[in-house]
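> sequence first, predicted model second:
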Amino acid sequence: MHGPDMTLAVKIGLSWCFAFLAAMNLTAIVFWVFRKEDGKLELPENFGLVATLCGLVFGVGLVLAHTSVPAPVSYSIGLVGLLAFGAYLVAVGLLRAGSAAAWTWLVFALVYLGLSAAYGYLPVSAAPVLPEAFRDTVDAVSGPVSFFFGSVIGLAVIIWFREFITRPAVGWIALNIFLAFYALSMTDWDFRQIVAKPDNIPITMMLLTVGFFTWLALRRAVENDRRIAEGKPVVEKEREEKVLVWPDLVYVELICMIIFTVGLVLWSIYLKAPIEQPANLTETPNPSKAPWYFLGLQEMLVYYDPWLAGVVFPGLIILGLMAMPYIDVNVKGAGYYTFRERSFAITTFLFGFIVLWVLMVTLGTFLRGPGWNFYGPYQYWDPHLVLPLVNVDFSDYFWLYWLGVAKPEHWALRELPGIIAVLLYFLILPPLLARTVFRRLYLQMGFARYMVFSFLFLMMAALPLKMLLRWTFNLKYIVHIGEYFFNI
Amino acid sequence: MALGDYIRSTQVWKSIFRHPAPVDRRNRVVVVLTNFVLHLHPVNIRKSGLDLSYTWCMGGLTFFLFLIETITGTLLMFYYRPTAMHAYRDILDLRDVVTLGILREMHRWGAHCMVLAVWLHMYRVFLTGSYKPPREFNWVVGVLLLVLTLLLSFTGYLLPWDQLAVWAITVGSNMARATPLLGHEGPLHSVLKIGEVGLIHSGSDARFLLIAGRTIGEMTLNRFYILHCIAIPLVVTSLIMIHFWRVRKDGGISGPL
Ligand code: HEM
């Protein structure tokens, strides 16, 4: 059953978590205030010394927090480091610089500091938790439908407003919102059970890294698109000059390896790998989930039978990826970031990768519980939740509702309307599209490439289409030939 | 520094590294050309290919993680026996008994990271249009590597032999049952028959091939162990060699024409 929303461990964890968020924003101030036009950092004279000292004090507190030293004591030590750094920043330049962004980060830092202190010093019973009303609202509005439309609209907004969104300040605010949402949500017991599970950490890493790199790539694309429009060479062109691999590349690699190894070792010391009860094939856990990276496919099982969701679609994803370089005949955009020169290819890929893969993995891991039912992020995974399924086949619609007659006995006649619909989709749509929206593509690609492309494209569109049909018409199968396990 | 100079002047050092310290241009070229590990690199490289904001370092990171997985994996093999009797106990011992008991953690978290890194690497190769000619084939090799990375992770998932492992693999491998033609619950499997005798049943279908039985059992463990520790790593290693060779032959890390 439910556990407590706030515990001592959570409280201590959050006090440090918000201290980190405050430190992050203080560091951002450094970048905003001391960065010159040419991108170089021009730091005050003894910045390095002060930052190191403050960092050390903070670190000592953090290490002590893992010993038997009382939590408020170790926390206070960390806090001293943090406050000293903030005070130093205010003293050396923040006030003079007066940039609106830097002031905003200071406000963020102060808010986080307040929260951090609250979790650091208040007793468990008084520590703030996410308001019940907020959690209930989020749970109430979340569902597979809102999740999917939210993802699609979100992606469209990101692409459409990419020039605005790729500004550093906007990106920074987005990161702050994401992290603050995460941290505050940790005050919910149900959220913690799922999101903080050791094996689910990769999902959070995935959201952060995919989000960041999408932002970065779009930022570089926007910059290059602007240059192309002005008739200037792209950024990469200006960095075409060659340098020696030793030392320039070898050292970057070495540093990456060291940082990464240290990170991995710390992570491994901190978090134990999970081990559950010994294997027992007579006791099925609910939910039974595939490894996290396959949960997008498992999510597809809601809409398609295993032969499609588990075999044909994965196979086509692999084949489609392999075919991509041979289908994409656009010679532009090779070797540099751009959006405008490849808008169709990039939009399609982003839709497939982010909406249909990354976010489906997220949905499958965080929001699908017992019985593969949907649960809001703050909702209890109740194993007894039963959702009535009233899904009907296309043949029901056709014979019973529209024609008003009984369904034919033989499957061939019964499923004929569905079979025709599927055939129309794959046979009529490609030529139709070739004459209309894909006209230019068709001319560029030629017949063979176009046929492969349109087949793969329609296959990819089949998933969201079936989702829509399910949500609007409760459609179960378009073709349902149970006799041969052939259900679409 | 004198000590360093002395060491570099000894016969032993010279026999290993074959040239003086890479402090001048000539020796910085030579060091890359004559060192086995470094010769994976070209001698020089476009500045843009060096930019972390261009490559995200993800291909390199994937490779590095593959090495970490190989090393930690080999160490794990010293402790782990792939039998229904021992597997689970050995995993517990890795946590409770083995000195420096973070091997399993490093291997598991590293595997998660490798999956993520390979996705991100593909993502950046796509977004920079680096799959375009002449790099089409290396993209194809890359897709194979992506699939094999997932399979490596998937086969490893079973080895702890706990509830999490067997049921995740059950869910995953059940899909094979529905393979068209070749799965005993797949469409059209009844087409494959000799006379009246169906060829595809639960003891002969794609799933049976995958898990070496009608249900997950000790033979599955054995099969996945060999796939995980020997077969797939060998294939991945070969493909990585081809992948790197092609990166070089296709003109190094991509850049604008
Ligand atoms: C085990 C998996 C893989 C490893 C170890 C690996 C490693 C690398 C490395 C080290 C590079 C050099 C440039 C860079 O770091 O970005 C590279 C380039 C490349 N990779 Fe991979 N890769 C893997 C998987 C993939 C996948 C999944 C794809 C695509 C589906 C791919 C496609 C490419 C292509 C086309 C290049 C040339 C890019 C360019 O010239 O800019 N690789 N790979």
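The structure has been received and is ready for your questions.

> use CA for all of it now, contacts and neighbours both
Fine.

> where does the chain dip in pLDDT?
This is for chain A. For chain A, the stretches with pLDDT under 70 are A:1, A:95-98.

> wait, chain B was what I had in mind.
B:1.

> swap the cut-off to 90 and go again
B:1-10, B:13-44, B:47-52, B:95-101, B:172, B:181-204, B:215, B:255-257 (pLDDT under 90).

> which helix runs longest in it?
helix B:103-127 (DSSP state H).

> do the helix or strand following it and chain A meet?
As assigned by DSSP states H and E, the chain's next helix or strand after helix B:103-127 is helix B:136-158. Yes - using CA under 8 Å from any CA of the partner chain, we find that helix B:136-158 touches chain A at B:Glu136, B:Trp139, B:Val140, B:Val143, B:Val147, B:Leu150, B:Phe154, B:Tyr157.

> now the end-to-end length of stretch B:245-256.
One end of stretch B:245-256 sits 21 Å from the other (CA to CA, to the nearest Å).

> returning to that earlier point: for PyMOL, what selects the buried ones among the residues of helix B:136-158 next to chain A?
Remark: buried members of those, expressed as a PyMOL selection using 16 or more other CA atoms under 10 Å in any protein chain shown:
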select buried, chain B and resi 136+139+140+143+150+154+157
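
> between the residues of helix B:136-158 next to chain A, which sits nearest B:Asp93?
Among those, B:Tyr157 lies closest to B:Asp93 (CA to CA), at 17.6 Å.

> and the longest helix of chain B, anywhere near the ligand?
Yes - in terms of CA under 6 Å from any ligand atom, part of helix B:103-127 sits within range of the ligand, namely B:Val118, B:Met122, B:Val125.

> distance of A:Met445 relative to A:Leu432?
16 Å.

> who's more crowded, these two?
A direct count of neighbours by other CA atoms under 10 Å in any protein chain shown for A:Met445 and A:Leu432 places A:Met445 higher, at 18 against 12.

> for the more buried one, what are its contacts?
A:Ile327, A:Asp328, A:Val329 (CA atoms under 8 Å, 6 or more residues apart in numbering or on different chains).

> of these, list those near chain B.
A:Asp328.

> may I see the contacts of A:Met445 arranged in CSV, with neighbour count, distance to the ligand and secondary structure as well?
Below are the contacts of A:Met445 laid out as CSV (neighbours: other CA atoms under 10 Å in any protein chain shown; distance: CA to the nearest ligand atom, whole Å; DSSP: H, G, I helix; E, B strand; the rest coil):
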residue, neighbour count, distance to the ligand, secondary structure
A:Ile327, 18, 15, helix
A:Asp328, 19, 14, coil
A:Val329, 15, 16, coil
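
> what about A:Arg368, distance to A:Asn391?
19 Å.

> more neighbours: these two, which one.
Shown here are A:Arg368 and A:Asn391; by other CA under 10 Å, A:Arg368 has more neighbours (22 against 13).

> specify the beta-bridge partners of the more buried one.
As for beta bridges, A:Arg368 partners with A:Phe374 under DSSP bridges.

> thought A:Tyr375 was touching it, still the case?
Yes - counting by CA atoms under 8 Å, A:Arg368 does reach A:Tyr375; the two are 6.0 Å apart.

> in chain A, which helix is the longest?
From DSSP H, the single longest helix across chain A is helix A:201-229.

> next, the angle from that one to helix B:103-127.
Helix A:201-229 runs at 20 degrees relative to helix B:103-127, counting by axes from the mean of the first three to the mean of the last three CA atoms, to 10 degrees.

> buried residues in helix A:201-229?
For helix A:201-229, by 16+ other CA under 10 Å, it's A:202-203, A:206, A:210, A:213-226, A:228.

> please apply the same query to stretch A:247-264.
A:Leu249, A:Val252, A:Met257, A:Thr261, A:Leu264.

> C-alpha coordinates for that stretch, CSV please?
Provided in CSV are the C-alpha atoms of stretch A:247-264 (Å, rounded to 0.1, in the frame of the first residue of the first chain):
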residue,chain,number,x,y,z
PRO,A,247,47.6,16.3,-28.8
ASP,A,248,44.3,17.9,-29.7
LEU,A,249,42.0,14.8,-30.1
VAL,A,250,43.9,12.4,-27.9
TYR,A,251,43.7,14.6,-24.9
VAL,A,252,40.0,15.3,-25.3
GLU,A,253,39.4,11.5,-25.4
LEU,A,254,41.6,11.0,-22.4
ILE,A,255,39.7,13.6,-20.4
CYS,A,256,36.3,12.2,-21.5
MET,A,257,37.4,8.7,-20.5
ILE,A,258,38.6,9.8,-17.0
ILE,A,259,35.5,11.9,-16.3
PHE,A,260,33.2,9.2,-17.5
THR,A,261,35.0,6.4,-15.5
VAL,A,262,34.9,8.4,-12.3
GLY,A,263,31.2,9.1,-12.9
LEU,A,264,30.5,5.4,-13.5
